[in-house]
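1. no sequence on this one, just coordinates:
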């Protein structure tokens, strides 16, 4: 599996990567285009906190060199009065897909979240038809939990999602 040279905060000059799947349907994967949307809110958040907040964040995925080829993000999902899980997501440029970077980036993000937050659980959801993402999550150490029916709306219909997670007690850092 490729080693991510670094998972790092986005630089201001790289903010256009936030648009690649929002404003260009051809650049988004078939599972990642949800209509044309602006990244204005993300840019405002970048100006405020560099996209790193207590309830979530976004980091650049860099493959070997210094060029950002995508992003990973996480957000707090409340699971009880005093508990939460991190829900993660990934978006890679078309040219970076199919090379194992998704697996490596999601593993690196889980490493980061378990190392620097008190979370007990990191989870991800993907459409049932997104086999490549399911394989990537499994290779990254996540366990398939089951199907969440009718959970996401895309391209005119409701889609079933597959839930994946990894717990702190079962996670093996770095691979």
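-> Thanks, I have the structure now. Only a predicted model underlies this, so the values are computations on that prediction, with no experimental measurement involved.
2. what's the weakest-modelled helix or strand in the protein?
-> In the chain, no helix or strand scores lower on mean pLDDT, DSSP states H and E than helix 40-49, which sits at a mean of 84.
3. which residues sit against it?
-> Outside helix 40-49, the residues within contact range by C-beta atoms under 8 Å, 6 or more residues apart in numbering are 10, 12, 15, 18, 51, 53, 58. Glycine gets a C-beta too; all of them are placed from N, C-alpha and C.
4. now render the residues you listed as JSON lines, adding neighbour count.
-> Converted to JSON lines, those look like this (neighbours: other C-beta atoms under 10 Å):
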{"residue": "10", "neighbour count": "20"}
{"residue": "12", "neighbour count": "9"}
{"residue": "15", "neighbour count": "16"}
{"residue": "18", "neighbour count": "22"}
{"residue": "51", "neighbour count": "21"}
{"residue": "53", "neighbour count": "13"}
{"residue": "58", "neighbour count": "22"}
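5. let's see which of these end up in strands.
-> Assigned to strands by DSSP state E, the following of those qualify: 53, 58.
6. least confident pick among the contacts of helix 40-49?
-> Among the contacts of helix 40-49, residue 18 carries the lowest pLDDT, at 77.
7. what's the separation between it and residue 158?
-> To residue 158, residue 18 is 26 Å away according to C-beta to C-beta, to the nearest Å.
8. returning to that earlier point: which parts of the least confident helix or strand of the chain are buried?
-> For helix 40-49, the neighbour count (16 or more other C-beta atoms under 10 Å) marks 42-43, 45-46 as buried.
9. what's the burial count for residue 94?
-> 15 (other C-beta atoms under 10 Å).
10. quick one, phi psi at it?
-> Dihedral pair for residue 94: phi -50, psi -40, per degrees, to the nearest 10.
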